[in-house]
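Asker: fold the stuff below for me.
(chains A and B)
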2 protein chains.
Amino acid sequence: MKGSESLLTTARTCGVEICFANPGTTEMPLVEAFDVIPGIRTVLALAEGVVTGAADGYARMTGTPAMTLLHLGPGLANGIANLHNARRAHTPVLTVVGEHASWHQAADAPLASDIESLARPVSGWVGRTSSAAAAAEEFVAARQAALRDRLPATLIAAADHMWGEGGVPADVPAAPRPPEVDSQRVDEVAKLFAEGRGKVGLLLGGDALTAEGIRDAARVAAAAGGEVLVERSPARVERGPGIPVVRGIPYFPEDVLDALDGFAHLVLVGTRTPVSFFGYQGMPSVPVPKGTRVHVLAERGEDAAGALRALVEATGSSAVEPPDGERPEPTAPEGPLSASALAAAIVLTQPDNAIVVNEGVSASAAYPAAAVSAPPHTELTNTGGAIGMGLPAATGAALACPDRPVIAFQADGSAAYTAQALWTHAREGLDVTTVLCANSRYRILQAELRRAGITEPGPAAAGMTGLDDPALDWTALARGFGVPATRATTGEELVAALRRAHAEPGPHLVEAVL
Amino acid sequence: MKGSESLLTTARTCGVEICFANPGTTEMPLVEAFDVIPGIRTVLALAEGVVTGAADGYARMTGTPAMTLLHLGPGLANGIANLHNARRAHTPVLTVVGEHASWHQAADAPLASDIESLARPVSGWVGRTSSAAAAAEEFVAARQAALRDRLPATLIAAADHMWGEGGVPADVPAAPRPPEVDSQRVDEVAKLFAEGRGKVGLLLGGDALTAEGIRDAARVAAAAGGEVLVERSPARVERGPGIPVVRGIPYFPEDVLDALDGFAHLVLVGTRTPVSFFGYQGMPSVPVPKGTRVHVLAERGEDAAGALRALVEATGSSAVEPPDGERPEPTAPEGPLSASALAAAIVLTQPDNAIVVNEGVSASAAYPAAAVSAPPHTELTNTGGAIGMGLPAATGAALACPDRPVIAFQADGSAAYTAQALWTHAREGLDVTTVLCANSRYRILQAELRRAGITEPGPAAAGMTGLDDPALDWTALARGFGVPATRATTGEELVAALRRAHAEPGPHLVEAVL
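Answerer: The predicted structure is shown next:
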């Protein structure tokens, strides 16, 4: 058995069901092996940012890592931005980077580079194959690390270790489970509620944001006082009737300070202390009010949902039914489009159990608030700020959950980085409806200029933040990639276009012109 | 004066005329400063691979480095593949990566990552600003290193060092010049020719590939015996009547061995010993025949053209007029398109003094041989094997030489990585004619499968090397990015389309369907 075949046999034993790929010559031994060792679906993408973003979206939905197959240092580099987002989402990803044959590495061939140096900033684990015989075990080491650390792991696989004979499938140990939270920490948090010395906020993130986690947290808040908050840019959050409505942490630090004003205690559950997305003059890095003490119930990577269940018990809240929150009827947007009209149109037309991949700072900020009126759904957001994750993550989410419609609520500036994902939507016939917010600018950057006091940008600043000369024609781009597309300029048109898109199978793009 | 303003003032003094940019919030202080300190043209791209590839193409044509402006680690990461090509092309690039404010770095904000680790594999020099006062000097250090090493240099500029007052423009020392070659080495090579102990090959690369360098080498070969060869994938080569026709080193190692068969001596002039692009079973890493001794006239980075001039003197060849080589009349291609028909159509319609950016392995391999019949032109090729350099490099070349038409001879698989460059072609009104070879496959990978004995690829291997389901509609994609486009399926159509494109100003794309 070849090294490549032992690796894929072992990947299958690990439960790997899918491999997102953009291979080159050094990956050909693995490409061939997928036909010899069937059982892992291979999905080609035109660019590596699609590969890694899809793996992120897939694992956010399934909890099990996808494999990715990338070509040497430059191929990995093209995938780093979305691996960065995966790292911030605490998503396990099993990246295999094909490397030159071991005996060819000293020749410093044109595509040679320091792959480890590229991989480390986005990987919890980086390793190399050492032989055909050991490759499968080395893959298992990557997998155990990815699941233990909840981070991407990168295995650099030399071509000769893949094409060479002598491969041995490896034993696969049980998947690491998130460690349970010590009961002492639960008791300490319970005491905060019992003592009643000021308002307590439960700030949920990561694994705490399951439907049950949010309900448990809301139960505690309802029974013992306090409020449930959601971290900024969660990897995944469940929403819908029966899941209490909770406030999110805003973007700008002054707004975070406002949102946390009045809390005596902030309890972290599966998240970390809020930090400002960027450093602003005169603003703190950590926008937590001076009077607010921060406590930890569950670190990221610990069993946050279990900790919340324990907290329900410790606070005697189990009999409490948390309030569901107000859910106004969704309203139909009319006339010219705005950010809130976009959100309203999506909410109004959203099918049950949709997965909404929300990438945008300015255009899609209105969605979470509007979405309290939506049917049950899951929202995935951009965790790491590396833009261009939306269309790729929608790819992975759609492949992870073929029975659930996927809505990519997508800013245009971000979409332009990885628009190639649309081709994979078409190729795989994915039920992804892309709502492309075409405001033809990097609106967040223009907002940043205003914050810096530049109300009338000069030609250079205007030129580096505007996308309107020429405006991208997103319907042409979508068709070029094989995705049917229409354009909407009013709320009425957008609602009609979304209804049509949801009614038909396969991918669609609706360009919503703001 | 702000740190950003001192940096741009100093960049101007360094001779920087252009900055390719895809900025984010941490770069806003620099974005603003371009309006305060005018004189550097800013060119926005939709994706960072376009930014870095354009900087590579620009400096290959001007010899002076462009500045690039990228956003934190993920923005840099997206630009690494084309910085890798720039590194292999020995192109100086001055990359400025905006970083979080110095006091915000400890907060590990979402976009934070180890930027140095990402930058090092593609940079000869990596540094950080230390204050507003020192930033300009630190920029000069980057510039001196980039010119000395002929490599990209990366300066990581903290936002507060840019927005902070106290910036001081720096003195700019003379640009480092390539060191001259020791006369002893020239004499040793001259002796090889004089002794007549077997055939001598002069293998030219890098700076040896100027018109004068090629002529000097051909003079020596004509007077003293021997042959001139050109390295595989040169950064830049001049071609046309009066510049002797020379053979290139082929791609596959067995073909390189054939090409070098019979040479007793191989003299490297501005290049290195040929290495196999990939390691193949049973093939050497260094495909140089056993009987061929390798000598060095000029290392990469040394004054190769000067060394050739000295060799002309040392061999007494100065009076010799080198043979021009055979230049058959270009022939008009007829009927269905093939790789050679494409090359013929380009050569037949090529305007004088065009810059041909040739990115493709299979589709554009026929061009260099056909181009002996073309009018004077410069060819730029993919030096590092990281695909997606063609359309970006064409962007930079067109901005470097606004009076010269640019032809992007572009494979479709590669084009898909950085198709976003078409938008910058449209935005800047560049005279770039893209000839898009649409074979709807990664043909080189299918060739690699055949080399590995896979004549009938299974569904996985076929799926990971084919791009025909769905086929990309390149005319739609081009129009989506604002570039007029047509499709050609025969030689006659292609010639007509190219004539029209060359006759009109601004960018065009012709999809040549193979």
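Asker: packing partners for the helix or strand containing residue A:162?
Answerer: Taking DSSP states H and E as the definition, residue A:162 sits inside helix A:159-163. The contact analysis (3 or more Cβ pairs under 8 Å, 6 or more residues apart in numbering or on different chains; DSSP states H and E) places helix A:159-163 against helix A:3-13, helix A:28-36, strand A:93-99. Any C-beta I mention is one placed from the backbone N, CA and C, and that applies to glycine too.
Asker: who touches it?
Answerer: With Cβ atoms under 8 Å, 6 or more residues apart in numbering or on different chains as the test, helix A:159-163 has contacts from A:2-4, A:7, A:25-26, A:28-30, A:33, A:98-104, A:129-132, A:134-135, B:278-279, B:281, B:452.
Asker: out of the helices and strands packed on helix A:159-163, nearest to chain B?
Answerer: Closest of the helices and strands packed on helix A:159-163 to chain B is helix A:28-36, at 2.9 Å (criterion: Cβ to the nearest Cβ).
Asker: before we move on, back to that, got the buried residues for the helix or strand just after the helix holding residue A:162?
Answerer: For helix A:159-163, the following helix or strand on the C-terminal side (DSSP H and E) is helix A:183-195. Across helix A:183-195, burial judged by 16 or more other Cβ atoms under 10 Å in any protein chain shown covers A:185-186, A:189-190, A:192-193.
Asker: dump the residues you listed into a markdown table; add pLDDT and distance to residue A:501 as well.
Answerer: Shown next, in a markdown table, are these (pLDDT from 0 to 100; distance: Cβ to Cβ, whole Å):
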| residue | pLDDT | distance to residue A:501 |
| --- | --- | --- |
| A:185 | 97 | 47 |
| A:186 | 98 | 46 |
| A:189 | 97 | 45 |
| A:190 | 97 | 48 |
| A:192 | 96 | 47 |
| A:193 | 94 | 46 |
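Asker: ok, of these, which one's closest to residue A:248?
Answerer: residue A:189 (21.2 Å; Cβ to Cβ).
Asker: residue contacts, that closest one?
Answerer: Residue A:189 neighbours (Cβ under 8 Å, 6+ apart): A:267, A:295, A:297, A:311, A:314.
Asker: tell me the SS of the third one?
Answerer: At residue A:297 the chain is in strand, as set by DSSP: H, G, I helix; E, B strand; the rest coil.
Asker: distance to chain B, mean neighbour count and mean pLDDT added to the helices and strands packed on helix A:159-163, as a markdown table?
Answerer: As requested, those are exported to a markdown table (distance: least, Cβ to the nearest Cβ, whole Å; neighbours: other Cβ atoms under 10 Å in any protein chain shown; pLDDT from 0 to 100):
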| stretch | distance to chain B | mean neighbour count | mean pLDDT |
| --- | --- | --- | --- |
| helix A:3-13 | 10 | 25 | 98 |
| helix A:28-36 | 3 | 24 | 97 |
| strand A:93-99 | 10 | 28 | 98 |
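Asker: distance to residue A:72 added to these, as CSV?
Answerer: Formatted as CSV, the helices and strands packed on helix A:159-163 follow (distance: least, Cβ to Cβ, whole Å):
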stretch, distance to residue A:72
helix A:3-13, 16
helix A:28-36, 12
strand A:93-99, 6
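Asker: residue B:236 is nearest to which of these?
Answerer: Residue B:236 lies closest to strand A:93-99 among those, at 29.2 Å (Cβ to Cβ).
Asker: and the stretch 301-450 of chain A, which residues reach chain B?
Answerer: The stretch 301-450 of chain A has residues A:383-386, A:388, A:416-417, A:419-420, A:423, A:426-427, A:444-445, A:448-449 near chain B, with proximity defined as Cβ under 8 Å from any Cβ of the partner chain.
Asker: ok, now with 7 Å
Answerer: Residues of the stretch 301-450 of chain A lying close to chain B (Cβ under 7 Å from any Cβ of the partner chain) are A:383-386, A:416-417, A:420, A:423, A:426-427, A:445, A:448-449.
Asker: now residue A:401, nearest residue through space, not along the chain?
Answerer: residue A:61 (5.4 Å; Cβ to Cβ, 6 or more residues apart in numbering or on different chains).
Asker: look at the one you found and give its secondary structure.
Answerer: Applying three-state DSSP: residue A:61 is helix.
Asker: check whether stretch A:47-55 comes near chain B.
Answerer: Yes. Using Cβ under 7 Å from any Cβ, stretch A:47-55 reaches chain B at residue A:47.
Asker: and the longest helix anywhere in chain A, does that touch chain B?
Answerer: Longest among the helix segments of chain A by residue count, using DSSP state H, is helix A:72-89. Yes. Helix A:72-89 lies within reach of chain B by Cβ under 7 Å from any Cβ, at A:73-74, A:77-78, A:80-81, A:84, A:88.
Asker: could you list the domains of chain A?
Answerer: A:3-163, A:183-314, A:339-513 (automatic domain parsing).
Asker: distance between the ends of the longest one?
Answerer: Using Cα to Cα, to the nearest Å, the gap from the first to the last residue of domain A:339-513 comes to 10 Å.
Asker: equivalent analysis for stretch A:175-187, please.
Answerer: OK, stretch A:175-187 end separation, Cα to Cα: 29 Å.
Asker: just the ones in helices from the residues of the stretch 301-450 of chain A next to chain B, please.
Answerer: A:423, A:426-427, A:445, A:448-449.
Asker: nearest residue to whatever residue of the stretch 151-300 of chain A ends up closest to chain B other than its sequence neighbours?
Answerer: Closest to chain B within the stretch 151-300 of chain A is residue A:279: 2.9 Å, counting by Cβ to the nearest Cβ. Excluding the flanking residues, the one nearest residue A:279 by Cβ to Cβ, 6+ apart is residue B:104, at 2.9 Å.
Asker: how many residues are close by the one you found?
Answerer: 25 (other Cβ atoms under 10 Å in any protein chain shown).
Asker: please apply the same query to the one 4 residues further on.
Answerer: Counted with other Cβ under 10 Å, the neighbours of residue B:108 add up to 14.
Asker: picking up where we left off before, what sits against the residue nearest to residue A:401?
Answerer: By Cβ atoms under 7 Å, 6 or more residues apart in numbering or on different chains, the contact list for residue A:61 reads A:355, A:397, A:400-401.
Asker: 10 Å - rerun?
Answerer: Shown in contact with residue A:61 (Cβ atoms under 10 Å, 6 or more residues apart in numbering or on different chains): A:236, A:355, A:378, A:380, A:393, A:396-401, A:404, A:406.
Asker: highest neighbour count among the residues you listed?
Answerer: Of these, with other Cβ under 10 Å as the count, residue A:393 tops at 38 neighbours.
Asker: residues in contact with it?
Answerer: Residues near residue A:393 by Cβ under 10 Å, 6+ apart: A:50, A:52-58, A:60-61, A:82, A:85-86, A:89, A:91, A:235, A:355, A:357-359, A:380-383, A:406, A:408, A:418, A:421.
Asker: pull the distance from the helix or strand that contains residue A:512 to the chain's centre.
Answerer: Using DSSP H and E, residue A:512 sits within strand A:508-513. On the basis of Cα atoms, centre = their mean, to the nearest Å, strand A:508-513 sits 22 Å off its chain's mean C-alpha point.
Asker: in the stretch 101-250 of chain A, which residue sits closest to chain B?
Answerer: For the stretch 101-250 of chain A, Cβ to the nearest Cβ, closest residue to chain B: residue A:104, 2.9 Å.
Asker: so that residue lies in a helix, does it not?
Answerer: Yes. Counting by three-state DSSP, residue A:104 is located in a helix.
Asker: OK, contacts around it?
Answerer: Per Cβ under 10 Å, 6+ apart, neighbours of residue A:104: A:26, A:112, A:158-160, B:275-280, B:283-286.
Asker: for it, give its distance to residue A:130.
Answerer: Going from residue A:104 to residue A:130 by Cβ to Cβ, to the nearest Å gives 16 Å.
Asker: same deal with residue A:150?
Answerer: Taking Cβ to Cβ, one finds residue A:150 at 26 Å from residue A:130.
Asker: and residue A:292, by the same measure?
Answerer: Taking Cβ to Cβ, one finds residue A:292 at 50 Å from residue A:130.
Asker: ok, the two, which is more surrounded?
Answerer: Per other Cβ under 10 Å, whichever of residue A:292 and residue A:130 has more neighbours is residue A:292, with 18 against 13.
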